[in-house]
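1. pasting the sequence and the predicted model now:
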Amino acid sequence: MSEDPVTAQRLKQGLPVIVALASTLLVVSIMAALYLGREILVPVTLAILLSFVLVPAVRVLRRIRVPRAAAVMLVVVIVFGGLFGIGSLIATEASQLASDLPRYTQVMRTKIKDLRGATAGTGTLSRMVDMVQDLSATLQPPAAIEVKGEPGTRTHPLTVEISPARASVVETFQTFAGPILHPLATTGLILIFTIFILLQREDLRNRAIRLAGGSGDLRRVTAAIDDATSRLSRFFLAQLALNIAFGVVIGVGLWLIGVPSPTLFGVLAAILRFVPYIGAAISALLPLILAAAVDPGWTMVIATAALFLVVEPIAGHVIEPLLYGHSTGLSPIAVILAATIWTFLWGPIGLVLATPLTVCLVVLGRHVERLWYLDVLLGDRPALAPPEIFYQRMLAGDPAEAIDQGWQFLKERALVTYYDEVALAGLLLAQEDLSRGTLDRARQDEVGAAIRTVVARLGTAPVARRTWRGSARSPDTETAAALAAVGPDRQVAGIVLAREELDPAWRSETPVLCVSSRGPFDEAATLMLSQILARHGLASQTLSMAAIRAGERPANPEGLALICFSYLEPVSLSQIRFTVRQARAAVPGVRILVGFWRERDPATLDRLRRATSADFLVTSLNEALSAVLNACRDPAPPRIAPAPAKALPSAAQTAAA
């Protein structure tokens, strides 16, 4: 029984909606499971993340022949003992600080009065001081109520006491033991899960490989999981070491300044710095408030603020990039979004775990093919390749952004490398759209004009390049991705020839003629080639094939030593052969370079080289530059007796060919 065509068409049209609804339902179900199961999932997650940190220590003990169980237990006991010690220290310091707080009340009242006097009648700031005073009055305990009687009688507070009903033994136990047992139970779960994860690490890895569908390609999936594990371990260890150092520096600095309980605030600073962006700022609030309460003046407050303002930028922008790169591999929006979602699901512990958990998801997205979308959504790597980004900006009519990225790129690589790997590759994408008929004539002209604008602006970049090394500023993610994709410059990119280094046949004003075949994209590629040659000591002139067919002739054709033909799109081989032959006839003794900017197959290139009889056949601007620099220093072949310069192939001749 055949399916009704109308029903099939409706199903096809409704499929995107069904997929979107199913995806939404899946996301909501996952978030609901994370929220409802947080009592179990939080300890498991903490245990997994903690195992990433402890694996290197277990491996070290294993290398010195310590049994696995003993190594795991030793590492876990040391770590959890240290955590319990830190918790006890925080509790002791917090208790001491709470007992000392009443002593600082008078200082705060005096400062509020001073602020009120200094800001009287100044509008917003005065109202803020009034608000602080109102809050302070609200927080004060109720004043004593005087009872006036006969003269000589004493005033005394009126005390009202409400006695609750006597609680049962079970309720009393729950009231006092509940706040203690819940953290102990969570800690016990984390301890148990950590031990078993470390003991069964290889077995869990094998199960993860199976779940990832890697049974058919064990080598690739195993390498991916091992790489992900090592990356996460290095990241967590580096972050842990940096945050501990940050807390130590803050604690020592607060101790030198004279802020009470510096150890407490140092530990809190180390913990809160796991929270991205705002963690260090949050850790600075309490020390600033306490410094204002302790010091009658403002010296301690200023010193405390300066401490955080100096230490955090050094840690975040100098030390952090040295430890684990310029970023965590997350986009800033992903970090903020992850912090919001995980805090909603798991509370304050979710805020601390937001960055590590999101890093795990991004690493999985980069190594597990089925989860590629996680890297696209959360990672900081560009979603498009550098040539695609270049072409997209040309389509959007935004050459200024491409110029800005190009300038950043040129601080690290040569212009010829940028043109080859980014701009010329983007031109090929435009040519493919043109061949498919998806670009109309007006759109072609707009994209071509934008590309020519980029080439003209980047052509003014200095040949001598600065590098990012030793600079506090680093390239943005798009530029960094482009630099990583293109690799190093070729040695020829740094050669700039003086006039006396050229062969005599190449010492005319414009020894090179660059000819574009047809279309705005071929013209842009030809301009790139001409510009690159000029930057390396060889001036050139450019003409289009259409202009030559219209009768336009190059200036000083007798001084030409090289004619370069540029081809982005496929053309007739016989037409190319005819064009080369006509060029040789027009300028006797000239050398011919043909650039096929699309072809990469060696066998096809060899066939084309024989068929076109060109002196040089290249597929990139780097190859063209290398060939021309070698040719201009070699003796040129003897020229045929001078003859009247002929025009390059006419339209009728080309059509006949």
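-> In hand now; what should we look at? Keep in mind it's a predicted model, so treat the numbers as computed, not measured.
2. quick one, strands of this protein?
-> Ranges of strands in the chain, per DSSP state E, are 512-516, 540-544, 562-567, 591-596, 616-618.
3. can I see the domain layout of the chain?
-> By the assignment in automatic domain parsing, the chain contains the domains 227-378, 385-489, 490-657.
4. now the ones you listed as TSV including mean pLDDT?
-> Listed next are the domains of the chain as TSV, based on pLDDT from 0 to 100:
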stretch	mean pLDDT
domain 227-378	82
domain 385-489	77
domain 490-657	75
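5. the ones you listed: which one's closest to residue 14?
-> domain 227-378 (22.6 Å; CB to CB). Yep, even glycine has a C-beta here, placed from its N, CA and C like the rest.
6. and the pLDDT for the residue nearest to residue 41 when sequence neighbours are not counted?
-> Leaving aside its sequence neighbours, residue 41 sits nearest to residue 34 (CB to CB, 6 or more residues apart in numbering; 6.2 Å). pLDDT, residue 34: 87.
7. mind putting the domains of the chain into CSV with distance to residue 208?
-> Converted to CSV, these look like this (distance: least, CB to CB, whole Å):
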stretch, distance to residue 208
domain 227-378, 9
domain 385-489, 28
domain 490-657, 38
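8. any chance of the ones you listed in a markdown table, with distance to residue 13 and mean neighbour count too?
-> Below are those laid out as a markdown table (distance: least, CB to CB, whole Å; neighbours: other CB atoms under 10 Å):
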| stretch | distance to residue 13 | mean neighbour count |
| --- | --- | --- |
| domain 227-378 | 24 | 18 |
| domain 385-489 | 24 | 17 |
| domain 490-657 | 37 | 18 |
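9. for residue 57, which of the ones you listed is the nearest?
-> domain 227-378 (9.6 Å).
10. quick one: that closest one to chain centroid distance?
-> Here domain 227-378 is found 18 Å from its chain centre; the criterion is CA atoms, centre = their mean, to the nearest Å.
11. cool, stretch 37-47 as well?
-> Stretch 37-47 sits 29 Å away from the centroid of its parent chain (CA atoms, centre = their mean).
12. average model confidence for it?
-> 87.
13. rewinding a little: distance to residue 188 added to the strands of the chain, as a markdown table?
-> Below are these laid out as a markdown table (distance: least, CB to CB, whole Å):
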| stretch | distance to residue 188 |
| --- | --- |
| strand 512-516 | 75 |
| strand 540-544 | 77 |
| strand 562-567 | 72 |
| strand 591-596 | 69 |
| strand 616-618 | 69 |
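14. residue 70 is nearest to which of these?
-> Taking these one by one with CB to CB, strand 616-618 is closest: 64.5 Å.
15. and residue 435, which of the strands of the chain is closest to it?
-> Nearest to residue 435 among those is strand 562-567; the distance by CB to CB comes to 13.0 Å.
16. and the gap between the spatially most central residue of the chain and residue 235?
-> For the chain, the residue sitting closest to the mean C-alpha position, by CA atoms, centre = their mean, is residue 380 at 3.2 Å. Per CB to CB, to the nearest Å, residue 380 is found 14 Å from residue 235.
17. now residue 272
-> Residue 272 sits 18 Å away from residue 235, going by CB to CB.
18. now do residue 569
-> Separation of residue 569 from residue 235 (CB to CB): 46 Å.
19. next one: residue 555
-> As for residue 555, its distance to residue 235 is 61 Å (criterion: CB to CB).
20. same thing with residue 26?
-> To residue 235, residue 26 is 28 Å away according to CB to CB.
21. do I have it right that residue 592 meets residue 616?
-> Yes - the pair residue 592 / residue 616 is scored as a contact, 7.4 Å apart, by CB atoms under 8 Å.
22. just checking, what packs against the lengthiest helix in the chain?
-> The residue-count maximum for a helix in the chain (DSSP state H) belongs to helix 218-257. Packed against helix 218-257 by the contact rule (3 or more CB pairs under 8 Å, 6 or more residues apart in numbering; DSSP states H and E) you find helix 38-63, helix 201-211, helix 262-272, helix 279-294, helix 299-314, helix 320-324, helix 348-367.
23. now distance to residue 457 too, for the ones you listed, in CSV please.
-> Shown next, in CSV, are those (distance: least, CB to CB, whole Å):
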stretch, distance to residue 457
helix 38-63, 47
helix 201-211, 50
helix 262-272, 45
helix 279-294, 40
helix 299-314, 33
helix 320-324, 30
helix 348-367, 34
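24. out of the strands of the chain, which is closest to residue 249?
-> Nearest of the strands of the chain to residue 249, taken as CB to CB: strand 616-618 at 56.6 Å.
25. show me the helices in the stretch 301-450 of the chain, by range?
-> 320-324, 332-346, 348-367, 372-378, 386-395, 399-410, 415-418, 424-436, 441-458 (DSSP state H, counting those that start in this stretch).
26. out of those, nearest to residue 204?
-> For residue 204, the closest of those is helix 348-367, at 14.3 Å, according to CB to CB.
27. the inter-axis angle of that closest one versus helix 201-211?
-> Comparing the axes of helix 348-367 and helix 201-211 via axes from the mean of the first three to the mean of the last three CA atoms, to 10 degrees yields an angle of 60 degrees.
28. tell me which strands and helices helix 348-367 is in contact with?
-> In terms of contacts (3+ CB pairs under 8 Å, 6+ apart), helix 348-367 is packed against helix 38-63, helix 218-257, helix 332-346, helix 372-378.
29. could you dump those helices to CSV with distance to residue 194?
-> Formatted as CSV, those follow (distance: least, CB to CB, whole Å):
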stretch, distance to residue 194
helix 38-63, 4
helix 218-257, 13
helix 332-346, 18
helix 372-378, 25
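30. residue 295 is nearest to which of these?
-> Checking these against residue 295 by CB to CB gives helix 218-257 as the closest, at 9.2 Å.
31. quick one: distance of the closest one to the chain centre.
-> Computed by CA atoms, centre = their mean, the chain-centroid distance of helix 218-257 equals 18 Å.
32. can you tell me the closest non-neighbouring residue to residue 194?
-> Among residues not flanking residue 194 along the chain, residue 47 sits closest, at 4.4 Å (CB to CB, 6+ apart).
33. who's in contact with the one you found?
-> Residue 47 sits next to 189, 190, 192, 193, 194, 197 when contact means CB atoms under 8 Å, 6 or more residues apart in numbering.
34. got a ChimeraX select line for the buried ones in the residues you listed?
-> Here is the ChimeraX command that selects the buried residues among these (16 or more other CB atoms under 10 Å):
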select :189,190,193,194,197
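35. what is the nearest of the contacts of residue 47 to residue 62?
-> In terms of CB to CB, no member of the contacts of residue 47 lies closer to residue 62 than residue 197, at 15.5 Å.
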